[in-house]
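**Student:** Generate a structure from the sequence data that follows.
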Amino acid sequence: MSSQGKRINIAIAGLGNCASSLIQGIYYYKNPDRLENSIGLMHKEMCGYRPEHIQVVAVFDIDRRKVGKDLSEAIFALPNCTKQFFQDIPSTGVVVNMGKVLDGVSSHMNEYHEKYRFQVSEEKELEKQDIVSILKQKNVDVLLNYLPVGSEMATRFYAECALDAGVGFINNIPVFIASDPVWGDKFKAKNLPILGDDIKSQLGATIVHRTLTDLFKKRGVKLERTYQLNMGGNTDFLNMLNRHRLKSKKISKTEAVQAVAAKRIDDENIHIGPSDYVPWLKDNKICFIRMEGKLFGDVPMNIELRLSVEDSPNSAGVVIDAIRCAKIALDRGIGGPLLGPSSYFFKHPPIQYTDNEAYEKVEEFISEK
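**Tutor:** Predicted structure coming up:
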């Protein structure tokens, strides 16, 4: 197939800030000059697939301000608050469907002003057979999970929909699906690719923390204790004020750093996770990292770092490659967890490679014939 005839049909579960940034980016990089400059892209083209070949053909959400709206309008509806870097999106004809709520909304959200939290639509929730039917009718290649952190039941529900519909699955949140051998085997049996879990931002807290941890190891510096504190003002941070929903997120982020340490850090000496919700920060994420260690002669040292990023575009810069890897796998008849891409793009993959190893495996995956 020529590059001109290529197309990747995607469906999205959860039309929040991250999905908004991804969709804006698809249109942003349709401009040939922006694509050629490749600013913000890890790969301009992957096996002939460019960002413009990604087409959103189905969307599921539960917020009344989005359900029933055209995609071009819904991605900018509250409570979304990410930066609008490409607003001239034409009407798409893709109307947001009412999804399945399950555990996708935390009860504590009701304690906050309505403009910051989800407002559940009164539309009838779709059942599994309805969603599977839509995925099939729209010829979806890959279903993306963008549900709120802690949506354990809802994530499994959409993963089952993907299996039943015969589509690939990308799990962008810290519910362990791709990294769970049972689920991995289910997708392998259906010869469907799955990537996950928990997206690793383009240049975010986790990748910076991992890089510094790896630097300590390579330079012979003993890492004795470290923390990573994060705050932001989007619905993700508001949602994670419910610490029960935060459990898998902390595991995912912590293990991503532990995996590259020279020696596993004692639990009491490592703290990684979201810390607080500050509404006026909106989609801006502020991260503080501190690392304490010993270098030559047991002489102590420490590093303190402050990182400020727009959270959702940071995520979209990685997902846009994960989508193309999933489609390449479909084209080649490869099913089950994609190990190299999952390790490079996600915090809690089935196998934790170092970032250098994972990068090489992604390049090898792309170049294979």
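**Student:** State the next helix or strand along the chain beyond the strand or helix carrying residue 55.
**Tutor:** Assigned by DSSP states H and E, residue 55 falls within strand 54-61. Once the chain leaves strand 54-61, the next helix or strand it forms, by DSSP H and E, is helix 71-74.
**Student:** Which residues does that next one contact?
**Tutor:** By CB atoms under 8 Å, 6 or more residues apart in numbering, the residues outside helix 71-74 that reach it are 15, 23, 56, 59, 61, 65-66, 89-92, 94-96. C-betas here are computed from N, CA, C, even on glycine.
**Student:** Same check on stretch 174-182?
**Tutor:** Outside stretch 174-182, the residues touching it (CB under 8 Å, 6+ apart) are 145, 149-152, 155-156, 159, 169, 171, 183-184, 194-198, 248-249, 251-253, 337, 342, 346-350.
**Student:** Take those and keep only those in strands.
**Tutor:** Counting by DSSP state E, the contacts of stretch 174-182 place 145, 169, 171, 194, 195, 337 in strands.
**Student:** Output the residues you listed in a markdown table; the columns should cover distance to residue 259, pLDDT and neighbour count.
**Tutor:** A markdown table is the format used below for the ones in strands among the contacts of stretch 174-182 (distance: CB to CB, whole Å; pLDDT from 0 to 100; neighbours: other CB atoms under 10 Å):
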| residue | distance to residue 259 | pLDDT | neighbour count |
| --- | --- | --- | --- |
| 145 | 23 | 98 | 25 |
| 169 | 23 | 99 | 28 |
| 171 | 18 | 98 | 30 |
| 194 | 20 | 99 | 30 |
| 195 | 17 | 98 | 33 |
| 337 | 16 | 98 | 25 |
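**Student:** can I get those in a markdown table with distance to residue 104?
**Tutor:** Below are the ones in strands among the contacts of stretch 174-182 laid out as a markdown table (distance: CB to CB, whole Å):
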| residue | distance to residue 104 |
| --- | --- |
| 145 | 11 |
| 169 | 17 |
| 171 | 14 |
| 194 | 20 |
| 195 | 21 |
| 337 | 24 |
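**Student:** Looking at these, which is nearest residue 36?
**Tutor:** Within the ones in strands among the contacts of stretch 174-182, the smallest distance to residue 36 is 27.3 Å, found for residue 195 (CB to CB).
**Student:** circling back: and the strand holding residue 55, which strands flank it?
**Tutor:** Pairing partners of strand 54-61, with direction, according to DSSP bridges: strand 8-13 (parallel), strand 97-98 (parallel).
**Student:** Return the helix or strand in the protein with minimum mean pLDDT.
**Tutor:** Counting by mean pLDDT, DSSP states H and E, the chain has its least confident helix or strand at strand 270-277, which shows a mean of 89.
**Student:** So for that strand, what gets flagged as buried?
**Tutor:** Going by neighbour count (16 or more other CB atoms under 10 Å), the buried part of strand 270-277 is 270, 272, 273, 274, 275, 277.
**Student:** what is the rounded mean pLDDT of whichever strand or helix holds residue 323?
**Tutor:** Residue 323 is part of helix 311-332, with elements assigned from DSSP H and E. Mean per-residue pLDDT for helix 311-332: 98.
**Student:** can you pull the contacts of residue 253?
**Tutor:** By CB under 8 Å, 6+ apart, the contact set of residue 253 is 174, 198, 205, 206, 228, 272, 273, 347.
**Student:** one more time with 7 Å, if that's ok
**Tutor:** 206, 272, 273, 347 (CB atoms under 7 Å, 6 or more residues apart in numbering).
**Student:** Closest one of those residues to residue 78?
**Tutor:** Nearest to residue 78, judged by CB to CB, of the contacts of residue 253 is residue 273 at 26.4 Å.
**Student:** Is it correct that that closest one is in contact with residue 252?
**Tutor:** No: contact between residue 273 and residue 252 fails when scored by CB atoms under 7 Å: they sit 9.5 Å apart.
**Student:** Leaving out the residues flanking it, which one is nearest to residue 189?
**Tutor:** Closest residue to residue 189 apart from its sequence neighbours, by CB to CB, 6 or more residues apart in numbering: residue 335 at 7.7 Å.
**Student:** I figured the one you found hits residue 187, correct?
**Tutor:** Yes: counting by CB under 7 Å, residue 335 does reach residue 187; the two are 6.0 Å apart.
**Student:** neighbour-wise, which of the two wins?
**Tutor:** Counted by other CB atoms under 10 Å, residue 335 and residue 187 do not tie: residue 187 has more neighbours, with 23 against 19.
**Student:** what's the pLDDT at the more buried one?
**Tutor:** 98.
**Student:** Can you tell me the element it falls in?
**Tutor:** Assigned by DSSP H and E, residue 187 belongs to helix 181-189.
**Student:** Report the buried residues of that helix.
**Tutor:** Under the neighbour-count criterion of 16+ other CB under 10 Å, helix 181-189 has 183, 184, 186, 187, 188 buried.
**Student:** thinking again about what came up before, and the least confident helix or strand of the chain, what does it pack against?
**Tutor:** Counting contacts by 3 or more CB pairs under 7 Å, 6 or more residues apart in numbering; DSSP states H and E, strand 270-277 packs against strand 222-232, helix 235-239, helix 247-258.
**Student:** rerun at 10 Å
**Tutor:** Here strand 270-277 touches helix 205-218, strand 222-232, helix 235-239, helix 247-258, strand 284-295, going by 3 or more CB pairs under 10 Å, 6 or more residues apart in numbering; DSSP states H and E.
**Student:** Need the buried residues of helix 181-189 in JSON lines (columns: distance to residue 356).
**Tutor:** Putting the buried residues of helix 181-189 into JSON lines (distance: CB to CB, whole Å) gives the following:
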{"residue": "183", "distance to residue 356": "28"}
{"residue": "184", "distance to residue 356": "24"}
{"residue": "186", "distance to residue 356": "31"}
{"residue": "187", "distance to residue 356": "27"}
{"residue": "188", "distance to residue 356": "27"}
